[in-house]
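Visitor: Have a look; sequence and predicted model below, questions after that.
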Amino acid sequence: MKRWSRGMLTGVLALACLVPGSPGLRAEEPSAPEGEAPAVSLSLSEVLQSALEKNLDIAVRRFDPKIQETAVTSAESAFDPQVYGSAQVGEDNSPQADRLSGGFVSSSRDKTFAAGYVDPLRLGSTFQFDVFTNRHLPGDPGPTYFSQALATYTQPFLRNFGLDVNKTAITVAKNDQEISRWQFRQTVMDTLAQAEEAYYDLNLAIMNMSTAEGYLKLAQDFLDQTRIKVRVGTLPPIEITQAEAGVADREETVIVAQSAIRGAEDNLRRLMNIPSDSPLWKQPILPTDEPRVLDKIVDLDEAIRTAMEKRPDLQQARLDLASRDADLRYRKNQKLYRLDLVAKYGASGLAGDFYARDPLTGAIIRDPPVTGDPVLDSSGAGDTFDQIARRGSSTWSAQLQLGIPLGNRAADAAYAAARYGQDQTRLTLGQLEQAAQVEVRTSTRNIDTNLKRYRAALVNTRLQKEKLDAEQKKYENGMSTAFQVLQYQTDLANAKARENQAIVDYNKSLVALDRALGILLDTRNVTVSD
């Protein structure tokens, strides 16, 4: 009885041991062909680190929280106090007339300086302080100065009253900033998940390549054996054609597998954002971390609770709903009447050049009496502020202002739109929570399914190898054909490919579950900050 050649036995063992019963083991990777750049070994952590630091999607989204931070500052600036001032100068030459002197021209000059401070408060009130001084020069006897300081406090009691109402823009801006942070976290999580899945896809392509090469080796050894049998006359020449066709088919499989490896490498390089001039674009990539079996047991109820708490899309929807709630409160407040208290308190002072007058008669006092010049009392602008400080001439007032909008359709329409938006956002949140629950259930089920697929594939690979061994012995004894042996080789290679696919799908389903729960960054020890 003719025995297998050493080369054929080696080919069978190479094919059968690519991913044996102990997961994670793989045939040794071949060295780079002569003239080709040496291969680069990359661990999963190195791939994730490169994606985290260099991926363009992450780089673009990293600016969003910073942009939203400026929106918060802009909203808060509505309550910044303001100081203002003005200066005015003018001259008035007006024609005048009286019964005694007839017509004449009255001439005067004025200079006015004013300054103020206004502080909008978050309760809706406004505090304002104004001070001004006026220099009036009528020509005779000399300039006069009038100054006033006035404090005004305005407090609404209905519309625009309350901290929540007046901080609506700030609340919405802060929620938008927090949403942008969760969006950034989502982008990082999606990118790392894609990078990890691409890493496992490259693992799969390399495993399939090893399977295809072992498969080709079997076909080549079988062709050699068939030629020997035809030469010694134990098989008809047509069997050589069948064996050659089997080799050609296996060579095509190897070519396709090689192309799959190149495509998987390029996808991984893209996610890592490898520079276009980097030599890594020409170097083969060898993953050092292989797919593994964890026998992970998932508590479905606990997983759903985790997803409800951790998922970035749900956090964004809840923040959006909070913004809608704040906007609805504001719109409801804007439907109210205006009822404002305006309280004012001020003091004034007067100074300048005045003729002295007799307090009893009011006549101008002259020095000497009757024939002398009028006695002139003079004081400066500073005296007006002394009088203000002594509050010798003060004034105050308190006023209630009521405004009743007729129709108020604009405010009603805005409130209705805000209410519809709130209801819509609440339903959207419910949709997202339902979708998250389904995604968690699907991911959990996929883990269990893919683990069972892998274990069944291991058994199938072992049985297909036993079938091939038996058929090979029958062929050596003249009880089978080349077609049958090649068919069994194909069955073994397909079983091995399904085994490779199953273990990779299992590892990708682990990634999908962590992403569905919103904990992928936590389990990969990645901390996200602006």
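Guide: Nice, thanks for sending it over.
Visitor: pLDDT on stretch 432-451, on average?
Guide: Mean per-residue pLDDT for stretch 432-451: 95.
Visitor: Would you indicate which residues of that stretch are buried?
Guide: 432-433, 436-437, 439-440, 443-444, 446-447, 450-451 (16 or more other CB atoms under 10 Å). For glycine as for every other residue, the C-beta is placed from the backbone atoms N, C-alpha and C.
Visitor: And stretch 68-81, by the same measure?
Guide: So for stretch 68-81, counting by 16+ other CB under 10 Å, buried means 68-69, 71-72, 75.
Visitor: Extract the residue ranges of the stretch 301-450 of the chain that are flagged as low pLDDT.
Guide: 353-379 (pLDDT under 70).
Visitor: Would you map the strands across it?
Guide: With DSSP state E, counting those that start in this stretch as the criterion, the stretch 301-450 of the chain has strands at 338-355, 366-367, 373-374, 376-378, 393-403.
Visitor: Tell me, how many residues neighbour Arg390?
Guide: Residues lying near Arg390 (other CB atoms under 10 Å) number 11.
Visitor: that older thread, will you turn the buried residues of stretch 432-451 into JSON lines that also has distance to Tyr84?
Guide: Output for the buried residues of stretch 432-451, formatted as JSON lines (distance: CB to CB, whole Å):
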{"residue": "Leu432", "distance to Tyr84": "49"}
{"residue": "Glu433", "distance to Tyr84": "52"}
{"residue": "Ala436", "distance to Tyr84": "53"}
{"residue": "Gln437", "distance to Tyr84": "58"}
{"residue": "Glu439", "distance to Tyr84": "57"}
{"residue": "Val440", "distance to Tyr84": "59"}
{"residue": "Ser443", "distance to Tyr84": "61"}
{"residue": "Thr444", "distance to Tyr84": "65"}
{"residue": "Asn446", "distance to Tyr84": "66"}
{"residue": "Ile447", "distance to Tyr84": "67"}
{"residue": "Asn450", "distance to Tyr84": "71"}
{"residue": "Leu451", "distance to Tyr84": "73"}
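Visitor: just these now: which is nearest Ile228?
Guide: Nearest to Ile228 among these: Asn450, at 43.6 Å, using CB to CB.
Visitor: so the closest one touches Arg498, yeah?
Guide: No: using CB atoms under 8 Å, Asn450 is not in contact with Arg498, being 11.5 Å away.
Visitor: Tell me the gap between stretch 259-273 and the middle of its chain.
Guide: Centroid separation between stretch 259-273 and its chain, computed with CA atoms, centre = their mean, to the nearest Å, is 26 Å.
Visitor: same check, this time on stretch 329-347
Guide: Counting by CA atoms, centre = their mean, stretch 329-347 comes out at 38 Å from the chain centroid.
Visitor: which of the residues in that stretch are buried?
Guide: For stretch 329-347, by 16+ other CB under 10 Å, it's 329-331, 333-334, 336, 339-340, 344, 346-347.
Visitor: Burial check on the spatially closest residue to Ala87 that is not a sequence neighbour, number of neighbours?
Guide: Nearest non-adjacent residue to Ala87, counting by CB to CB, 6 or more residues apart in numbering: Phe113, 5.3 Å away. The criterion is other CB under 10 Å. On that basis, Phe113 has 16 neighbouring residues.
Visitor: Then Asp514?
Guide: Asp514, neighbours per other CB under 10 Å, totals 20.
Visitor: wait, doesn't it sit right on Asn507?
Guide: No: counting by CB under 8 Å, Asp514 stays clear of Asn507, with 11.3 Å between them.
Visitor: Contact partners for the residue lying closest to Gly518 once chain neighbours are set aside?
Guide: Once flanking residues are discounted, Gly518 sits nearest to Lys310: 3.4 Å by CB to CB, 6+ apart. Taking CB atoms under 8 Å, 6 or more residues apart in numbering, we find Lys310 in contact with 517-519, 522.
Visitor: Please apply the same query to Tyr337.
Guide: 158-159, 402-405.
Visitor: which residue ranges form the strands in the stretch 101-250 of the chain?
Guide: 102-120, 126-137, 144-156.
Visitor: Quick check: which of those strands is buried the most?
Guide: strand 144-156 (a mean of 18; mean count of other CB atoms under 10 Å).
Visitor: averaged over its residues, what pLDDT does that one have?
Guide: On average, strand 144-156 scores 92.
Visitor: Tell me which other helices or strands it touches.
Guide: Contacts defined by 3 or more CB pairs under 8 Å, 6 or more residues apart in numbering; DSSP states H and E place strand 144-156 against strand 126-137, strand 338-355, helix 381-390.
Visitor: May I see these organised as a markdown table, with distance to Ala493 added?
Guide: Formatted as a markdown table, these follow (distance: least, CB to CB, whole Å):
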| stretch | distance to Ala493 |
| --- | --- |
| strand 126-137 | 82 |
| strand 338-355 | 83 |
| helix 381-390 | 101 |
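Visitor: just so I know, which of those lies nearest Thr425?
Guide: Nearest of those (CB to CB): strand 338-355, 30.0 Å.
Visitor: Tell me the strands beside the closest one, with direction?
Guide: strand 144-156 (antiparallel), strand 376-378 (antiparallel), strand 393-403 (antiparallel) (DSSP bridges).
Visitor: quick one: contacts for Asn424?
Guide: Residue 424: Gln, not Asn. Here Gln424 is in contact with no residue (CB under 8 Å, 6+ apart).
Visitor: What distance do you get for Asp505 to Ala307?
Guide: 21 Å (CB to CB, to the nearest Å).
Visitor: er, Ala193 actually
Guide: 15 Å.
Visitor: Check Asn134 too.
Guide: Applying CB to CB to Asn134 and Ala307 gives a distance of 71 Å.
Visitor: And Ile206, by the same measure?
Guide: 33 Å.
Visitor: Give the pairing partners of whichever strand or helix holds Leu286; include direction for each.
Guide: Per DSSP states H and E, Leu286 falls inside strand 285-287. Each strand that pairs with strand 285-287, with its direction, by DSSP bridges: strand 40-42 (parallel).
Visitor: in the strand it pairs with, what's buried?
Guide: Those would be Leu42, for strand 40-42 by 16+ other CB under 10 Å.
Visitor: what pLDDT, on average, does it get?
Guide: On average, strand 40-42 scores 91.
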